[in-house]
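> The following comprises the amino acid sequence and a computationally predicted model.
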Amino acid sequence: MQLRTDLTTRSERAAYLAEALAGLYSDQPTPSPIQGGRRAALRRLRAFDVRNYARARNQVNQRSVSMLSPYIRHGVLPLAEVRDSILSRFGLTPDTEKFVNELAWRAFWQLVYAHLGDRIHHDLEPAKQRARAARQPLPIAVIEAQTGLVCIDESLQELYTTGYMHNHARMWVAAYVQHWLGVDWREGAALFYRHLLDGDPASNSLSWQWVGSTFSHKPYIFNRQNVERFSNGEFCARCQLAAGGCPFDDSYEHLAQRLFGVSLAELEGRR
Amino acid sequence: MSGAVVWLHGDSLSPADPALLANPTAPAIFVFDEELLAAAQLSFKRLFFLYECALEAIAGRIGSIRRGIVVDELRAFAADHQALTVHTTASVAPRFQRYVAELRAAGLQVVVHEPPPFVVWHGEPPRRFSAFWRRVSAEALRPTGLGPELPAGQEMES
């Protein structure tokens, strides 16, 4: 079936594509505010200021990140071109070095995918620690972004409405889904893959395995202090559970015990 | 029948795609993979993003965006343009390798172009990123050029 290529406005294209691709999607046919194509990619690349990246990149609400990942994932901007652009504009600094280091993660995931193929969708190593939470399918509350935890729900809501989620928020959600809720990583990865504009088999599955410790030496966990720090307290200020009942409000030592039944030293593989 | 067409796929969907740049006048095609997408049920946002990328990638040349069985659509497109050769850009996805093999089995010549390398790597990757970074960081932090140039007239906005 041949698709039209002559429509000019976004709304015309969206209305047309919604019909032309009927049956291939099951959500509302609303485009992301993030525009596809190389012109949009170059605009974003040129507008990106890497200064302060090393310090501020994990700030979930500040957006010190490039947001180039959808374009990199689809080859609209090759990694080499992004690297060259940033180094030529800003030189070699701690910020550009950290940024290129983050680009290298994608190169690494691609290399692993090239080597292992579809095996990346299965546990690559035994989990170093198993979460104590009983196994369960992905809860409806996660699918509907209604867990009651603002840090999780707003991150998921952004994913569902824009197709983007900040990397640090992805780590929170992936850890919460696996370690707190006891959901198999493949179910969480499938949810992300359906929605992320930068959804890539390698980056997605391998990142979930990194959080789960089937492709890393320890499970990734976080606590409320981490959420407060990297959201400037904004999520917790709006969260009804902040006054009591927040599942993340604990020390890492206690979380290691609660979630995995081991000491923090054991969780981190120090003994 | 001696012409060539360019196959654009989801891992290289750009007017600066190496296969496109190597064949500046060849017709180009992108196919929404019916089999893959019917099973995956990606969000509409993802599909629309691909559509916008594909529209821009084929702009200015004979181009086609289709929905269907990828290899069947590519064979039909090549036949429409009396082409025996399909140019495309490499992907590490196993599905891409299968499609290339099917095209070759169907009698088409497939030329696979390499995207510009971020770093050069040979052999098995290490199991941890830290080991990878230790080995590639010096090369990764050295610019290799300014990246691919767009065909004249396409790079419009700054």
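Sure, I can see it.

> pLDDT at residue 75, what is it?
All of this refers to chain A. Listed pLDDT for A:G75 reads 97.

> Correction: the question concerned chain B.
pLDDT at B:R75 comes out at 98.

> wait, doesn't it sit right on B:A105?
No. Applying CB atoms under 8 Å, one finds B:R75 not in contact with B:A105, separated by 10.8 Å. For glycine as for every other residue, the C-beta is placed from the backbone atoms N, C-alpha and C.

> More neighbours: the two, which one.
Higher neighbour count among B:R75 and B:A105: B:R75, with 17 against 9, using other CB atoms under 10 Å in any protein chain shown.

> show me what contacts the more buried one?
Contacts for B:R75 (CB atoms under 8 Å, 6 or more residues apart in numbering or on different chains) come out as B:L103, B:A106, B:L108.

> element containing the closest residue in space to the second one that isn't next to it in sequence, please.
If I follow you right, that is B:A106. For B:A106, ignoring the flanking residues on the chain, the nearest one in space by CB to CB, 6 or more residues apart in numbering or on different chains is B:R75 at 5.8 Å. According to DSSP states H and E, B:R75 maps onto helix B:70-80.

> just to revisit the earlier point, can you tell me which of the contacts of B:R75 is nearest chain A?
B:L103 (19.1 Å; CB to the nearest CB).

> The closest one belongs to a helix?
Yes. The assignment for B:L103 is a helix, going by DSSP: H, G, I helix; E, B strand; the rest coil.

> so what pLDDT did it get?
Confidence score, pLDDT, at B:L103: 98.

> next one: the helix holding B:R75 to chain centre, how far?
Mean C-alpha position of helix B:70-80 versus that of the full chain (CA atoms, centre = their mean, to the nearest Å) differs by 16 Å.

> Tell me the first helix or strand C-terminal of it.
Past helix B:70-80, the next helix or strand by DSSP H and E is strand B:83-89.

> Quick check: which helices or strands does that following strand pack against?
Packing contacts for strand B:83-89, counted by 3 or more CB pairs under 8 Å, 6 or more residues apart in numbering or on different chains; DSSP states H and E, involve strand B:3-8, helix B:18-22, helix B:70-80, strand B:109-113.

> and these, which is most packed in?
strand B:3-8 (a mean of 24; mean count of other CB atoms under 10 Å in any protein chain shown).

> what's the angle between it and strand B:83-89?
Using axes from the mean of the first three to the mean of the last three CA atoms, to 10 degrees, the inter-axis angle of strand B:3-8 relative to strand B:83-89 is 30 degrees.

> can you list the residues that contact strand B:3-8?
So strand B:3-8 is contacted by B:17, B:19-20, B:23, B:26-31, B:54, B:57-58, B:74, B:77-78, B:81-89, B:111 (CB under 8 Å, 6+ apart).

> Would you write a ChimeraX line that selects the buried entries of the residues you listed?
Remark: buried members of the contacts of strand B:3-8, expressed as a ChimeraX selection using 16 or more other CB atoms under 10 Å in any protein chain shown:
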select /B:17,19,20,23,26,27,28,29,30,31,54,57,58,74,77,78,81,83,85,86,87,88,89
